[in-house]
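[1] let me see the structure of the following:
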Amino acid sequence: MSKQSFGFVFLFVLLVGLLILTRIPAEDEQFQQLPFVREVRFLLGTEVEISAWGKDAAVAVAAAFAEVERVHNTMSRFRKGSDVWNINTSEAGQMVVVSECTFRLIEESIRISEMTDGAFDITILPLMTLWRAAREQNALPTDVEIAAARVLVNWRYIILDTANLAVGLEKAGMGIDLGGIAKGHAVSMAIMALEKHGIKNAMVNAGGDLYLLGKPHEREWWRIGIEDPREKGEIFASLDLRDEAVVTSGDYRWYFIIGGRRFHHIIDPRSGLPVERMQSVTVIAPNATFADGLSTAIFVLGREKGIKLTEAIEEIGVIIVSEDEDGNRQITISTNVNEKVTLE
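    Predicted coordinates:
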């Protein structure tokens with residue numbers, strides 16, 4: 001853990017799809033005297049950074065990381081004995097008792113599946129496994145293999161026992177993957193822990209799932225840059241945000257090319273294929289859990305349906321980078337976030 005008492009701090013954090021550009025001056029004596037704590041740990045398959053200013057910042061950051069670790073320990077499908085591991089290794093129809101945290105996140109995932117017509121689906125694991133093997137072997141799966149995996153992917157096959165906090169899967173071979181929402185949830189839980197300890201200014205970043213608590217001193221907003229999905233390290237737009245989450249999903253981190261076509265890791269659960277003509281989706285929302293799940297869902301829905309969904313949710317904003325039929329870039333910004341966006 002590193003602790004600093006500082007007069008001038010620059011936060012330059014390259015995220016998965018996000019670049020923090022905000023400069024935070026500490027000219028005010030009261031703000032300058034606040035303890036500052038910044039810590040980075042590797043959890044949930046990524047670097048998690050928590051920075052906080054406040055009287056009890058050290059205790060608050062420790063409590064926030066305890067929440068992130070709890071999400072990691074219970075929801076990682078790779079961790080033997082985790083809730084997700086136990087669900088995925090159970091027999092068809094067998095009910096597995098899980099933590100309340102895991103149960104509520106699965107409930108939230110199902111809610112997002114319902115509102116997006118299955119564009120977000122945590123039972124995506126059979127298709128994810130198939131396409132991961134394709135990337136490793138640099139060979140496309142067959143139509144037969146895709147069809148076989150698709151019949152195991154349907155959020156409606158999740159069985160919930162609310163009274164006993166138990167989860168089951170209807171079909172043998174099914175599996176869930178909370179990778180599309182767990183990082184956002186970890187950020188949300190960390191922010192709650194910070195606030196319980198009286199922290200009013202903080203940043204939590206879990207590999208690009210970001211929440212900005214409070215505001216920089218003597219500024220009204222944090223300024224966030226969105227990375228260009230085709231120009232690594234470059235930004236194409238900036239956002240002015242405060243007390244909001246921002247999450248980007250894109251096709252540019254994990255992909256392979258065969259026959260001149262790009263195949264990436266964001267799979268449409270309904271077709272079994274990687275989504276085409278979409279480059280990135282950035283969602284701004286009141287909490288990181290919802291922003292994380294919705295960014296994937298909108299990417300799968302595509303530009304037109306994604307914007308339509310966003311416009312129906314007053315508290316959500318979205319920036320979509322897509323391609324037209326000729327491969328030309330399209331940047332679409334929802335009206336409810338338009339005033340916060342500046343194109344570079």
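[2] not counting stretch 284-296 itself, show me its contacts.
    Outside of stretch 284-296, the residues that reach it under the criterion C-beta atoms under 8 Å, 6 or more residues apart in numbering are 105, 108-109, 112, 116, 119-120, 180-185, 187-188, 191, 204, 206, 209-211, 239, 241, 243-249, 266, 281-283, 315-318, 337, 340. The way it works is simple: take the backbone N, C-alpha and C, and place the C-beta from them, glycine included.
[3] pull the CA atoms of that stretch into PDB?
    What follows is stretch 284-296, C-alpha atoms only, in PDB (Å, rounded to 0.1, in the frame of the first residue of the first chain):
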ATOM      1  CA  ILE A 284     -22.500   5.800 -18.300                       C
ATOM      2  CA  ALA A 285     -24.700   4.800 -15.400                       C
ATOM      3  CA  PRO A 286     -25.400   5.500 -11.700                       C
ATOM      4  CA  ASN A 287     -23.700   2.200 -10.700                       C
ATOM      5  CA  ALA A 288     -21.000   0.000 -12.200                       C
ATOM      6  CA  THR A 289     -22.900  -3.300 -12.000                       C
ATOM      7  CA  PHE A 290     -25.600  -2.100 -14.400                       C
ATOM      8  CA  ALA A 291     -23.100  -0.300 -16.600                       C
ATOM      9  CA  ASP A 292     -21.000  -3.400 -17.000                       C
ATOM     10  CA  GLY A 293     -23.800  -5.700 -18.000                       C
ATOM     11  CA  LEU A 294     -25.500  -3.200 -20.200                       C
ATOM     12  CA  SER A 295     -22.300  -2.300 -22.100                       C
ATOM     13  CA  THR A 296     -22.100  -5.900 -23.300                       C
END
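[4] list phi and psi for the residue nearest to the spatial centre of the chain.
    Averaging the C-alpha coordinates of the chain gives a centre point, and the residue nearest to it by C-alpha atoms, centre = their mean is Asp292 (3.3 Å). Summarising the backbone geometry of Asp292 under the convention degrees, to the nearest 10, its torsions are phi -60, psi -50.
[5] now the end-to-end length of stretch 253-263.
    The first residue of stretch 253-263 is 11 Å away from its last residue (C-alpha to C-alpha, to the nearest Å).
[6] cool, and stretch 45-61?
    Between the start and the finish of stretch 45-61 there is a gap of 20 Å, counting by C-alpha to C-alpha.
[7] stretch 45-59 too?
    Distance between the boundary residues of stretch 45-59 (C-alpha to C-alpha) amounts to 24 Å.
[8] what ranges does the stretch 151-300 of the chain have for its strands?
    Listed in chain order, the strands found in the stretch 151-300 of the chain under DSSP state E, counting those that start in this stretch are 158-161, 166-169, 201-206, 209-213, 222-227, 235-241, 244-250, 255-258, 261-264, 278-285.
[9] now do the fourth one: which elements does it pack against?
    Secondary structure elements in contact with strand 209-213, counted by 3 or more C-beta pairs under 8 Å, 6 or more residues apart in numbering; DSSP states H and E, are helix 182-196, strand 201-206, strand 222-227, strand 244-250, helix 288-301.
[10] 10 Å - rerun?
    When contacts are defined as 3 or more C-beta pairs under 10 Å, 6 or more residues apart in numbering; DSSP states H and E, strand 209-213 packs onto strand 18-20, strand 46-53, helix 182-196, strand 201-206, strand 222-227, strand 235-241, strand 244-250, helix 288-301.
[11] and what of the third one?
    With contacts defined as 3+ C-beta pairs under 10 Å, 6+ apart, the secondary structure elements packing on strand 201-206 are strand 18-20, strand 36-43, strand 46-53, helix 57-75, helix 182-196, strand 209-213, helix 288-301.
[12] cutoff 8 Å now
    Strand 201-206 is packed against strand 46-53, helix 57-75, helix 182-196, strand 209-213, with contacts defined by 3+ C-beta pairs under 8 Å, 6+ apart.
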